[in-house]
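Chemist: Dropping the sequence and predicted coords here.
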Amino acid sequence: MLQQDVKKVLFSAEDITEKCKALGKQITEDYAARGEVPLLVALLKGSIPFLSELMKYIDLPVELDFMDVSSYDGTESVGEVHVIKDLDRAVKDVNILIVEDIVDTGRTLHSISNLLLYKGAKEVRICTLLDKPERRVVDIDVDYVGFNCPNEFVIGFGLDFNEKYRNLPYIGVLKEELYQ
């Protein structure tokens, strides 16, 4: 039923699994080489499927926490980031790896990274499933990127349109007539 709203599939469930294996291996190697363990901070709600798949392949004793932030209204980033749910723990001297579903304008991650550094985090790195660098309005370094994404409205694997389509097992493009 949901598939009828998908214009095309960009990344299959198999593509996503393989990318998570590669990212998990790289994250493991990078943090192990420095003798560090990251606190994985997932940004709710969209990053949950990605976090769940990714952490299977990180061979370190990671810790988890969650933040809920909002910067979107429908299909557009409104530029102002609101923290709805903050972390449950202090982050002073902690190595943080933010796990995000998609980096679009960069505003959300720029704000959250600065907030975590202000709170005393030792470092903040970013891992995203999808990156849309051509939409960037804020300069932000993304340390781990799953896929570069075309400038289309994507749904699935945690990504939504008005809270729908998150449960698709792949990343697809939403038909334009459904959001215009």
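Modeler: That came through, no problem.
Chemist: Which residues in stretch 2-22 does the neighbour count mark as buried?
Modeler: The neighbour-count criterion (16 or more other Cβ atoms under 10 Å) identifies D5, V6, V9, L10, F11, I16, K19, C20 as the buried residues of stretch 2-22. Just so you know, the C-beta spots here come from the backbone N, C-alpha and C atoms, and that holds for glycine as well.
Chemist: Which members of the residues you listed are positioned in strands?
Modeler: Using DSSP state E, the members of these that fall within strands are V6, V9, L10, F11.
Chemist: can you pull out the helices in this structure?
Modeler: Using DSSP state H, the helices assigned to the chain run over residues 13-33, 48-54, 107-118.
Chemist: can you redo those helices as a markdown table with mean pLDDT and distance to L60?
Modeler: Compiled in a markdown table, the helices of the chain are given as follows (pLDDT from 0 to 100; distance: least, Cβ to Cβ, whole Å):
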| stretch | mean pLDDT | distance to L60 |
| --- | --- | --- |
| helix 13-33 | 98 | 6 |
| helix 48-54 | 98 | 12 |
| helix 107-118 | 94 | 19 |
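Chemist: just checking, E134 touches E152?
Modeler: No - using Cβ atoms under 8 Å as the test, E134 is too far from E152 to be in contact (11.2 Å).
Chemist: So these two - more neighbours on which side?
Modeler: Each of E134 and E152 has its neighbours counted (other Cβ atoms under 10 Å); E152 has more, 14 against 10.
Chemist: From D30, how far out is that one?
Modeler: Using Cβ to Cβ, to the nearest Å, one gets 31 Å for the distance from E152 to D30.
Chemist: Which parts of this structure are strands?
Modeler: Taking DSSP E as the criterion, the chain carries its strands at 6-11, 39-44, 63-73, 76-85, 95-103, 123-131, 144-148, 154-155, 171-174.
Chemist: For those strands, could you give me TSV that also reports mean pLDDT and distance to K56?
Modeler: Formatted as TSV, the entries for the strands of the chain read as follows, by pLDDT from 0 to 100; distance: least, Cβ to Cβ, whole Å:
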stretch	mean pLDDT	distance to K56
strand 6-11	98	18
strand 39-44	96	12
strand 63-73	85	13
strand 76-85	75	24
strand 95-103	97	13
strand 123-131	98	14
strand 144-148	98	14
strand 154-155	97	23
strand 171-174	98	18
